[in-house]
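Provided below are the primary sequence and the corresponding predicted coordinates.
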Amino acid sequence: MPTPAFAESDLLLSQKTLEELFRARLNRGLAQPITEVIAEMAGLVRDYTGRYELPADRWRRLVRCLAVHQLLSFPGGTVPESVQQDHEAALRELEEIRDGRFADLLPPNPAASASSPRAVWGGQVRVTIHREAAV
């Protein structure tokens, strides 16, 4: 499944907050701090959910919860309790997705699914040995 686009506006933070976070993280040596955090968290979500077709709005919500927490938790930053709870809930949900606990999520390609019989040891015959009769 192609990864949905995720922009800074999807973080649902005010422009003032984004600018403050940008400056604070820029001082720590990151060239594009917000973009880099978004990319990192999107990769984390992709790692957990790669076996499933995830609706774009659900994918964005998970990335948002993780990215906002990551942005606010830099040294000296304060993470509001609601952001911490959202972060923990997102991590739990990702683990449950990874473990296949959501019946509403289908594998993107059933033939490539981990539950497919061809995905286990060997899957199908690859070598056939024929004996020739002795003359």
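Arrived safely.

tell me the SS of the residue most central in space within the chain?
Nearest to the mean C-alpha position of the chain, by Cα atoms, centre = their mean, lies residue 45 at 0.9 Å. Recorded secondary structure, residue 45: helix (DSSP: H, G, I helix; E, B strand; the rest coil).

any idea how far it is from residue 32?
Using Cβ to Cβ, to the nearest Å, residue 45 is found at 19 Å from residue 32. Where you see a C-beta, it was placed from the backbone N, CA and C, and this is true even at glycine.

could you do residue 39 as well?
The spacing between residue 39 and residue 32, counted by Cβ to Cβ, is 9 Å.

got any ranges where the protein has weak pLDDT?
Residues of the chain meeting the criterion pLDDT under 70: 1, 108-135.

show me where this structure has helices.
15-26, 33-49, 56-72, 81-98 (DSSP state H).

right, and the ones you listed - which one's nearest residue 5?
Residue 5 lies closest to helix 56-72 among those, at 8.6 Å (Cβ to Cβ).

packing partners for the closest one?
With contacts defined as 3 or more Cβ pairs under 8 Å, 6 or more residues apart in numbering; DSSP states H and E, helix 56-72 has these neighbours: helix 15-26, helix 33-49, helix 81-98.

among the ones you listed, which is the most enclosed?
With neighbours defined as mean count of other Cβ atoms under 10 Å, the helices and strands packed on helix 56-72 peak in mean count at helix 33-49, which reaches a mean of 18.

distance to residue 9 added to the helices of the chain, as a markdown table?
Shown next, in a markdown table, are the helices of the chain (distance: least, Cβ to Cβ, whole Å):
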| stretch | distance to residue 9 |
| --- | --- |
| helix 15-26 | 9 |
| helix 33-49 | 11 |
| helix 56-72 | 11 |
| helix 81-98 | 18 |
